[in-house]
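**Student:** Make a model of this:
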Amino acid sequence: QVQLVESGGGLVQAGGSLRLSCAASGRTFNSYILGWFRQAPGKEREFVASISWRGISTNYGDSVKGRFTISRDNAKSTLYLQMNSLKPDDTAVYYCAAQSLGNSGNYYDPRFYHYWGQGTQVTVSS
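**Tutor:** Residues are numbered from 1 along each chain as shown. Got it, this is the predicted structure:
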């Protein structure tokens, strides 16, 4: 089992940047596939990015490609999301998620992930 705690959210102007962190505790961090999702009021949870257990393979949602970068530091048991060129449409609660290796499913589907953090609010003003 793994526990996830996000941090780094806040209020930023359009065009600005934020870096989210997700600290993990529990079982071996590098045995998990990790992802970031976001959810705006009245909308479904949306895939943002995912990263493989060694950090070699990354995937991004179409709306954030070229602006956001996912990374992980297995030595620190921490997942990151660097967000640049932020837009008001990026306003949402951002969640990190984890799923242990060996489970089948699609990395962009929230149902694939078994473990979730509590979320951190990101608000982008125009």
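**Student:** going forward, measure contacts and count neighbours with C-alpha atoms only.
**Tutor:** Will do.
**Student:** and residue 93, which of the three is it?
**Tutor:** The local conformation at residue 93, judged by DSSP: H, G, I helix; E, B strand; the rest coil, is strand.
**Student:** Next: the one 3 residues further on.
**Tutor:** Under the three-state scheme (three-state DSSP), residue 96 adopts strand.
**Student:** how deep is the closest residue to it other than its chain neighbours tucked in, by neighbour count?
**Tutor:** Nearest residue to residue 96, sequence neighbours excluded (CA to CA, 6 or more residues apart in numbering): residue 36, at 4.5 Å. Other residues near residue 36 number 28, with proximity taken as other CA atoms under 10 Å.
**Student:** how about the CA coordinates for the helix or strand harbouring residue 36, as CSV?
**Tutor:** Using DSSP states H and E, the element containing residue 36 is strand 32-39. Presented in CSV, the C-alpha positions along strand 32-39 are these (Å, rounded to 0.1, in the frame of the first residue of the first chain):
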residue,chain,number,x,y,z
TYR,A,32,4.4,2.0,-9.2
ILE,A,33,3.1,3.6,-12.3
LEU,A,34,2.2,7.2,-11.5
GLY,A,35,-0.2,9.7,-12.9
TRP,A,36,-1.7,13.2,-12.5
PHE,A,37,-5.4,13.9,-13.0
ARG,A,38,-7.4,17.0,-12.6
GLN,A,39,-11.1,17.7,-11.9
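**Student:** For it, give me every contacting residue.
**Tutor:** Around strand 32-39, the neighbours that count as contacts under CA atoms under 8 Å, 6 or more residues apart in numbering are 45-53, 79, 81, 92-101, 107, 110.
**Student:** What strands line up against that strand, and which way round?
**Tutor:** Looking at strand 32-39 with DSSP bridges, its partner strands are strand 46-51 (antiparallel), strand 92-100 (antiparallel).
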